[in-house]
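Visitor: Sequence and predicted structure below; questions after.
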Amino acid sequence: MKQVLVIAERRGAVLDEGVFELLTAARALAGGGGRVAAAVLGHGIGGLAAELARGFDRVFAFDDERLAEPDGDGDAQALLPLLARGGFDAVLLAHGNLGIDLAPGLSVRAGMPLLADCLELHWAGQSLAGTRAVYGGKVHARVVAAAGGTGAMATVRGGAFAPAGPGTVAGEVVAAALPAEFAPRRRPLRTLRPEAGEVDITQSERLVAVGRGIEDEDGLQLVRGLAAALGADLCASRPVVDKGWLPRSCQVGTSGVTVRPKLYVAVGISGSFQHMGGIKGSPFVVAINKDRAAPIFGVADVGIVGDLSEVVPALEAAIEEQKG
Amino acid sequence: MDIIVCIKRVPDLAEAGLEIAADGRGLRTEDLDFDINEWDDYAVEAAVRLKEQHGGVVTAITVGDEDAEEVLRRALAMGADQAILLDDAAFAGADPFAIATALHACIRSLPFDVVLCGAVTSDGASGQVGGMLAALLDVPQVALATGLEVDGGRARVRHEVEGGLEREVEVALPCLITAQSGLNQPRYVSIRGIRKVADVAIAARSAGDLGLAATAVGEAGSRVRLEGLLLPPAGKRAEILEGSLDAAVATLVERLRERGGL
């Protein structure tokens, strides 16, 4: 029987649906007789708190105009008294941009161990323990919070837990006050939406995606040829966009665009969870990569291990021949 | 302006077949190549650009053994002015909190306006050290920066936030910024550039030099214990098309046709 707190993330006026994955994790950790609470911060968030109270036993609603924009630095100040008061055996956040911004500083201030980006969580005796992916997902690490009696925090990878269904808990909503010393140190200037691209790849049925493995812009030309032969649109993983070879609107992944194609041909893409997190709708996935151990071969349907500069032109030629 | 950049030497994972060491707690490193963590490369570039714009001193710091000197040399070749190696057997087995503890003990005695860290490392991938270090230093931090300008005692930072959005925020100096990939285009480092800084002295500091007890750092000072590494369960694996290139490609075209991809 444990007490678990989930810190909910919001996107504007809506809850990030990841909070319901955290609810599943929290219920499992709390066990029978344990209680799960949520904290939500923002301005005018009565509706969000009510939504959370259908799934959580208790909801701490921090409603203040100074919390209008999510701010990992300021939100940590707001949440600290709730954590410092003690009583939570585990505090969970999504390992998204806000969790990455918020959790490390909060864990230090609260004196709690932090298990980052967990794929799985359990108790090892009285200590929070989990499994996380390291070395580009090629290795898993089993980690456990040092015993200390203060409880522990964890950030949880999106998709690691199935979302809880609509709840009927009728939890209690508690209006949580900001600490008197609350003094946000970040001034938000403006929020920017990603620019739309020439091709809306969210609508593409066929995509050819290029990754770090193409090495240079000549490689990009080869892949363009393959995409043309397949009648597919071109997209990319983050490193290609960071190098400036393709626009940001082409970037598929958790920090880019979410796509729902029927066919996804991944060329020189390792298959990081950040990239794969942007692919929905269970497409047929083809992987071409020279690294047999690349995680992409764990998610692809079919693959060729080989040098892209040989495989890609050969495949393009074979497709053209097939078309006659 | 005093700028500090924290960096790490990590294995190159791109094509490496990774093997877990006999003790189950690390990798077999004999066949691995090492380089600066990619995100730290962006952090060094950002630090050097701030110096070029505003003048000042860039100090690069890493925690590691003598092998880690190579990433400090690389930072010096990119334009850092000085480098500090936090080297002590007591630092071994550190979790992100214990690394942040060592970095904090070093940085607190230095003047700084901006501390830069990579947002995450390619090996441990926890993305915690920067945020923890900022809390220990008690300075404002902004994670996952994709843009950075400093002017008049304030930093204007563009960073990745909820829902795939970016936000531009302003914080007062001193502050800590973690660099997301794509923050800039790091400059090329030539062998000749590295050779030029071969004689620059690198200051080494032990836990004792930093006023830290051996129990406050490394594995003893960690809040998260590594129980062991394991290879992930194989799960679903792709059908790998073997044989000659022509045969593999022909089979792939067949699979695409079966799936309506052609």
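Guide: Looks like it came in fine.

Visitor: backbone phi and psi for residue A:51, please?
Guide: phi -60, psi -40 (degrees, to the nearest 10).

Visitor: Can you give me the domain boundaries for chain A?
Guide: Domain segmentation of chain A under automatic domain parsing yields A:3-175, A:201-323.

Visitor: mean confidence for the last one?
Guide: It refers to domain A:201-323. The average pLDDT for domain A:201-323 rounds to 92.

Visitor: where along the chain do the helices fall?
Guide: Because you didn't say which chain, this covers chain A. Here chain A has its helices, by DSSP state H, at A:18-30, A:46-53, A:72-84, A:97-110, A:217-230, A:238-242, A:273-276, A:308-323.

Visitor: Wait, chain B was what I had in mind.
Guide: Under DSSP H, chain B gives helices at B:38-54, B:69-78, B:96-107, B:129-137, B:191-196, B:245-258.

Visitor: Deepest in the core, which of those helices is it.
Guide: Mean neighbour count, computed with mean count of other CB atoms under 10 Å in any protein chain shown, is highest for helix B:129-137 among those, reaching a mean of 27. The way it works is simple: take the backbone N, C-alpha and C, and place the C-beta from them, glycine included.

Visitor: which residues touch it?
Guide: Residues outside helix B:129-137 that contact it (CB atoms under 8 Å, 6 or more residues apart in numbering or on different chains): A:72, A:76, A:100-109, B:6, B:96-97, B:99-101, B:103-104, B:107-108, B:115, B:117-119, B:121, B:140-141, B:143, B:174-178.

Visitor: Can you go through these and name the buried ones?
Guide: The neighbour count (16 or more other CB atoms under 10 Å in any protein chain shown) marks A:72, A:76, A:100-109, B:6, B:96-97, B:99-101, B:103-104, B:107, B:115, B:117-119, B:121, B:140-141, B:143, B:174-178 as buried among these.

Visitor: I'd assumed residue A:82 was in contact with residue A:60.
Guide: Yes - the pair residue A:60 / residue A:82 is scored as a contact, 6.1 Å apart, by CB atoms under 8 Å.

Visitor: what touches both of those two?
Guide: A:39, A:176.

Visitor: got the buried residues for stretch A:27-42?
Guide: Applying 16+ other CB under 10 Å to stretch A:27-42 flags A:27-30, A:34-42 as buried.

Visitor: And it, end to end?
Guide: Stretch A:27-42 has an end-to-end distance of 24 Å (criterion: CA to CA, to the nearest Å).

Visitor: same question, stretch A:175-185
Guide: Stretch A:175-185: ends 23 Å apart by CA to CA.

Visitor: now check it, is it near chain B?
Guide: Yes - against chain B, stretch A:175-185 shows contacts by CB under 8 Å from any CB of the partner chain at residue A:185.

Visitor: How far away from the center of its chain is that stretch?
Guide: Distance of stretch A:175-185 from its chain centroid, counting by CA atoms, centre = their mean, to the nearest Å, is 28 Å.

Visitor: what about the residue of chain B found nearest chain A, distance to residue B:96?
Guide: Relative to chain A, the nearest point of chain B is residue B:131 (2.8 Å; CB to the nearest CB). Noted for residue B:131: a distance of 9 Å to residue B:96, by CB to CB, to the nearest Å.

Visitor: got it, and residue B:231?
Guide: Residue B:231 is 23 Å from residue B:96, where distance means CB to CB.

Visitor: Also residue B:104?
Guide: 12 Å.

Visitor: got it, and residue A:51?
Guide: Counting by CB to CB - residue A:51 and residue B:96 are separated by 33 Å.

Visitor: Then residue A:243?
Guide: In this view, residue A:243 and residue B:96 are 28 Å apart by CB to CB.

Visitor: can you put the helices of chain B in a markdown table and add distance to residue A:173 and mean pLDDT?
Guide: Shown next, in a markdown table, are the helices of chain B (distance: least, CB to CB, whole Å; pLDDT from 0 to 100):
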| stretch | distance to residue A:173 | mean pLDDT |
| --- | --- | --- |
| helix B:38-54 | 40 | 98 |
| helix B:69-78 | 50 | 98 |
| helix B:96-107 | 34 | 98 |
| helix B:129-137 | 29 | 98 |
| helix B:191-196 | 60 | 95 |
| helix B:245-258 | 53 | 92 |
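
Visitor: Hmm, residue B:217 is touching residue B:94, no?
Guide: Yes - between residue B:217 and residue B:94 there is a contact at 6.4 Å, judged by CB under 8 Å.

Visitor: neighbour count winner among the two?
Guide: Taking neighbours as other CB atoms under 10 Å in any protein chain shown, residue B:217 and residue B:94 compare with residue B:217 leading, 27 against 20.

Visitor: ok, that one - contacts?
Guide: Residue B:217 touches B:88, B:90-91, B:94, B:98, B:101-102, B:207, counting by CB under 8 Å, 6+ apart.

Visitor: repeat that for 6 Å
Guide: Residue B:217 makes contact with B:90-91, B:98, B:101-102, B:207 under the criterion CB atoms under 6 Å, 6 or more residues apart in numbering or on different chains.

Visitor: can you check residue B:124 too?
Guide: With CB under 6 Å, 6+ apart, residue B:124 has these contacts: residue A:134.

Visitor: distance of it from residue B:56?
Guide: On the measure of CB to CB, residue B:124 and residue B:56 end up 30 Å apart.

Visitor: Is stretch A:4-24 positioned near chain B?
Guide: Yes - Stretch A:4-24 reaches chain B (CB under 6 Å from any CB of the partner chain) through A:9, A:11.

Visitor: for stretch A:213-220, same thing?
Guide: No - if you take CB under 6 Å from any CB as the test, stretch A:213-220 misses chain B, and the best it gets is 8.1 Å.

Visitor: Any idea how far that stretch is from the middle of the chain?
Guide: The chain centre lies 27 Å from the centre of stretch A:213-220; the measure is CA atoms, centre = their mean.

Visitor: and it, which residues are buried?
Guide: Those would be A:213-214, A:219-220, for stretch A:213-220 by 16+ other CB under 10 Å.

Visitor: Residue A:169 - how many residues pack around it?
Guide: Neighbour tally, residue A:169, other CB under 10 Å: 15.

Visitor: hang on, I meant residue A:193
Guide: 9.

Visitor: swap in the one 4 residues further on?
Guide: The tally of other residues near residue A:197 (other CB under 10 Å) stands at 17.
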